[in-house]
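Visitor: Task: produce atomic coordinates for the following.
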Amino acid sequence: MTKEVRLRYAPSPTGHLHIGGARTALFNYLYARRLGGKFIVRIEDTDQVRNVENAAEKQMENLKWLGVEWDEGDDIGGPYGPYRCMDRLDIYKGYVEQLLKEGKAYYCYATKEELDAEREEQLARNETPRILEKHRHTTPEQKAAYEKEGRVPSVHFIMPENRSYTVNDLVRGEVTFDSNEMGGDFVICRPDGIPTYNFAVVIDDHLMKISHVVRGEEHLSNTPRQLMIYEAFGWEAPQFAHLALILNQEGKKMSKRDESIIQFIEQYRDMGYLPEAIVNFLVLLGWSPGGEQEIFSLKELSERFSFDRVSKSPAVFDSTKMNWMNNHYLKAKSVDEIVDMCIPHLQEAGFLEELTTERREWAKQIVALYQEQMSYCAQIVPLSALFFLEEVVYEEDAKAVLKEPQVKEVLVSFKEHIESADEYSVETINASLKAVQKATGYKGKALFMPVRVSITGQAHGRDLGQSIYLIGREKVLARLQQVISSL
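Guide: Take a look at the predicted model:
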């Protein structure tokens, strides 16, 4: 009988959902869906010092926003729960006791300071640092003395000697490790009774019947220790796949202090990126679909994703391409959807304090002007500021236009036509521009540039007639008069 395909994403609740974590979750999700398997979300919260309150819930919220749904998890339960490590301490305890009983682990009473001192001495002798075997052999007398001092032991796993451990990685192929170069015995349970990652992850993946472990390459060095624990219990290890790093645009490893890239999904969400664009972009960071197609729905990705097209080389995060892709998705949305995303940004900027029905319709027309231009919805604020500000802000290249000799004649004529028009509409504005051309003889840039600059402060922009209409007749006439008076 074929083993059920079960993959998991197991974040630590130490902060926001990072782009690297989101990509890992997506690769797990897509592979599980393609093979008709299950996708599980498990919260690895054993690092009590670094855990952030509500971080797990926020990460799951942002995964759902991306369109990722899971079959089992801390929020919805499932047959192999609990799905939060700190709720599984009694489970781990039984397996720790089994290894102690079988002589595959031992209580170690050495303090962190003593172990650190030993490490420094080994480094000073140019030796590979390792936990010394002497800690395996605590006599009853030593144990009593240590406990009298108030020492609480950790539990160490006995590192097999002279062994090779090979990881058959779906991305990297065979990777072999020598147990003699791996630092000796390692902690599987801390003095406070909380297991270490390398121990808990094996217990959880085995009991939850995980068939494939897909994670970042930083976990590759942990894998041989995990294989030792699988071996100690006589369990079959899952299939592993370790994903290459995502580099910044300079080709360097990203750090949380790297400000060249926005790194968290929530930030993209807040800026007005679309989830389908982020999903599309992230999956292509390290996976190649083959062919020229670059735009994929989540469903299409789940039908095509496989690890034989995942690169072992790092992927470079190209912000320009990210913006291009989001622009593609923004243009495909209805104006109503986009205006709903833009309004909060306009309100935060103080541009739409009172959102009446009429005011929303006006804002909708402004958003429609810039929908094809925006890379993300927060850009609507600087792009459309000219419609909301009372004073014109002149761009540097626009100032030169107002020094041209025909400007005053053009502006006076245009102002007169706008004032005398029976109604104020895009049609009458365009008709006025044609009338100015006929009256003054100026056309093209000589006509349109002075009008645009005097009203918007910009030498270039969106449709001129529509822009002038949305600014409003009263404000347009005031701006024209201000420039005319200055000439």
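
Visitor: residues contacting the spatially most central residue of the chain?
Guide: Centroid check for the chain by CA atoms, centre = their mean gives residue 19 as the closest residue, at 2.8 Å. By CB atoms under 8 Å, 6 or more residues apart in numbering, the contact list for residue 19 reads 246, 261, 263-265, 282, 317. (Glycine included, C-beta is placed from N, CA and C.)

Visitor: and the gap between it and residue 306?
Guide: 22 Å (CB to CB, to the nearest Å).

Visitor: for residue 430, same thing?
Guide: Counting by CB to CB, the gap from residue 430 to residue 306 is 55 Å.

Visitor: neighbour-wise, which of these two wins?
Guide: residue 430 (16 against 13; other CB atoms under 10 Å).

Visitor: Excluding covalently adjacent residues, which one is nearest to that one?
Guide: Counting by CB to CB, 6 or more residues apart in numbering, residue 430 lies nearest to residue 465, which is 4.5 Å off, once chain neighbours are set aside.

Visitor: Surely the one you found is in a strand?
Guide: No. Counting by DSSP: H, G, I helix; E, B strand; the rest coil, residue 465 is not part of a strand but helix.

Visitor: Confirm for me that it is in contact with residue 429.
Guide: Yes. If you go by CB atoms under 8 Å, residue 465 and residue 429 touch, sitting 4.6 Å apart.

Visitor: Now residue 54: phi and psi?
Guide: phi 70, psi 10 (degrees, to the nearest 10).

Visitor: Make 404 the starting number, not 1.
Guide: Happy to do that; since the first residue is 404 now, the last one works out to residue 457.

Visitor: Check the burial of it by counting its neighbours.
Guide: Residues near residue 457, counting by other CB under 10 Å: 9.

Visitor: got the contact list for it?
Guide: Contacts of residue 457 (CB under 8 Å, 6+ apart): none.

Visitor: Now do the helices in the stretch 604-753 of the chain.
Guide: Using DSSP state H, counting those that start in this stretch, the helices found in the stretch 604-753 of the chain span residues 626-636, 668-674, 678-686, 701-707, 722-735, 738-751.

Visitor: buried sites along stretch 452-469?
Guide: The neighbour-count check on stretch 452-469 (16 or more other CB atoms under 10 Å) flags 454, 458-459, 461-463, 465-466, 469 as buried.

Visitor: Of those, which belong to helices?
Guide: Members of the buried residues of stretch 452-469 lying in helices (criterion: DSSP state H): 458-459, 461-463, 465-466.

Visitor: want to try TSV for these, with pLDDT and distance to residue 413 as columns?
Guide: Listed next are those as TSV, based on pLDDT from 0 to 100; distance: CB to CB, whole Å:
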residue	pLDDT	distance to residue 413
458	93	14
459	95	11
461	96	16
462	96	11
463	97	12
465	97	16
466	98	12
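
Visitor: Same list (those) but as TSV, adding distance to residue 876.
Guide: Listed next are these as TSV, based on distance: CB to CB, whole Å:
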residue	distance to residue 876
458	52
459	55
461	47
462	51
463	51
465	45
466	49
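
Visitor: Just the closest of these to residue 591, please.
Guide: residue 459 (23.6 Å; CB to CB).

Visitor: so the closest one touches residue 446, yeah?
Guide: Yes. Because the distance of 4.7 Å satisfies CB under 8 Å, residue 459 is recorded as touching residue 446.

Visitor: Many thanks, we can stop here.
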